[in-house]
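Asks: The amino acid sequence is not available; the structure is as follows:
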Ligand code: UDP
C-alpha cells in the first residue's frame, strides 16, 4: 500500500496525547486520514494535541485504551503505555497492565493493528547491534520487568491473535526517540529533555552511573516516517526502528551542554537499577522491507529540540 491508501481512513491511536502518539497523529492527519486520539492522560498531556483540536478529521477522546469502543476503524495504533523508567518504577502494576489490556481490546476488534513495541524487549542485550532475531536478555522479576515483560507479552498477544484469528498486525520495536513535546517535568523525564532543561537553566546535568552506558537516539520525524511506512507495509513480524548512531550518556550530556551554550556542571548520581549497558539496533530489516533509515543526525535533531524547549519554557 502507498500513502494514498491513508486518505479518508479512520485511525485510532491509543496514547494519542503522548509524545510519539501526538506526532504520529499529526502526520497521519497530514496524509488525509481521520484520526481519533485516545488517551487517559495518565502520562499523556492535552497540550500535545491542543494544536490539532478543531482541525478537520481530528478528534480527542479522554478514555482508557482498554475500555474504548475500537470497532469500525481501518487501523488501530496501540501506543499507550508508561514509557519513562522513572515513572514505571513508581507505578509497576499500571505499567504491567496498561500496555497489555489496551492492546487486547484493539486485537479483539479484529481490525489491523500497529503495536508500538520497544527496544526494551531486548532488555540488556548481549548482541549489539541487535537484530530482530535476538530473543532478549530480560530479568522477569525486577524493577524494569513490568515494562519490559509487558512489552514482550504485547508481542506475544499480537502473535496469538494473528496465528489463531488472522488479525493483521505490524510490530515496531521502537528505540529511543526524542524531539519537541517530550515531557521534561521531573518525574517522567527521559534523558534528553531532562538534560536540555538542566542545561538551559544552568542546573547540574544528572548522569546516572558513570555515563558509559550507550543509547542510539532517533529524531521523532524520522521515527514517525518509519511507523507510517510500517503501517503501509505487508511485513507482519517485528521490525527494529531506531538509529545506528550510538553515543554514551556522558557524551550526550556534553553535547547538549555545548549546543545549548550552557556551563552546567555534570553531576554523577547512583546508577539506575538494571539500566541496559548498550543499545543500538540492527536496522537491516527496516532498510530492506521499508526502505527506511533515519536521516537526521543527532546534533541536528538536538539543535531543533533545544530550540523548541527554549521557546516552550521562555
Ligand atoms: N539517564 C541519566 N540521567 C537522567 C535520565 C536518564 O543518566 O536524568 C540515563 C538512563 O540511566 C539511561 C539513559 O540515560 O542510561 C537513557 O535514559 P532514558 O530514560 O532516556 O531512556 P531508556 O532508559 O528507556 O533508554
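Replies: Received the coordinates, thanks. Computed from a predicted model, the values in this text were never measured in an experiment.
Asks: which residue ranges form the strands in the chain?
Replies: 10-14, 34-39, 58-62, 75-78, 113-118, 169-174, 177-178, 205-208, 214-216, 218-219, 238-241, 246-248, 266-269 (DSSP state E).
Asks: any weak-confidence spans in this structure?
Replies: For the chain, applying pLDDT under 70 flags the ranges 186-188, 314.
Asks: quick one: contacts of the biggest helix by length in it?
Replies: Taking DSSP state H as the criterion, the chain has its longest helix at helix 145-165. Contact with helix 145-165 is made by 78, 81-83, 85, 88, 92-93, 95-100, 103-104, 107-108, 110, 113, 115, 117-118, 120-121, 123, 136, 138-140, 167-169, 171, 236, 238, as judged by Cβ atoms under 8 Å, 6 or more residues apart in numbering. Every residue, glycine included, has its C-beta placed from N, CA and C.
Asks: Cross those against helices and list the overlap.
Replies: Short answer: the contacts of helix 145-165 in helices (DSSP H) are 85, 88, 92-93, 95-100, 103-104, 107-108.
Asks: Packed most tightly, which of the strands of the chain would that be?
Replies: strand 75-78 (a mean of 28; mean count of other Cβ atoms under 10 Å).
Asks: which helices and strands sit right next to that one?
Replies: strand 10-14, helix 92-108, strand 113-118, helix 220-232 (3 or more Cβ pairs under 8 Å, 6 or more residues apart in numbering; DSSP states H and E).
Asks: and the closest residue in space to residue 101 that isn't next to it in sequence, how many neighbours does it have?
Replies: Among residues not flanking residue 101 along the chain, residue 66 sits closest, at 3.8 Å (Cβ to Cβ, 6 or more residues apart in numbering). By other Cβ atoms under 10 Å, 19 other residues sit near residue 66.
Asks: ok, which residues in the stretch 1-150 of the chain are in contact with the ligand?
Replies: By Cβ under 6 Å from any ligand atom, the part of the stretch 1-150 of the chain that sits against the ligand consists of residue 85.
Asks: OK, contacts around the spatially closest residue to residue 63 that is not a sequence neighbour?
Replies: Distance criterion Cβ to Cβ, 6+ apart; nearest residue to residue 63, sequence neighbours excluded, is residue 38 at 5.5 Å. Taking Cβ under 8 Å, 6+ apart, we find residue 38 in contact with 12-16, 61, 63, 65, 68, 80.
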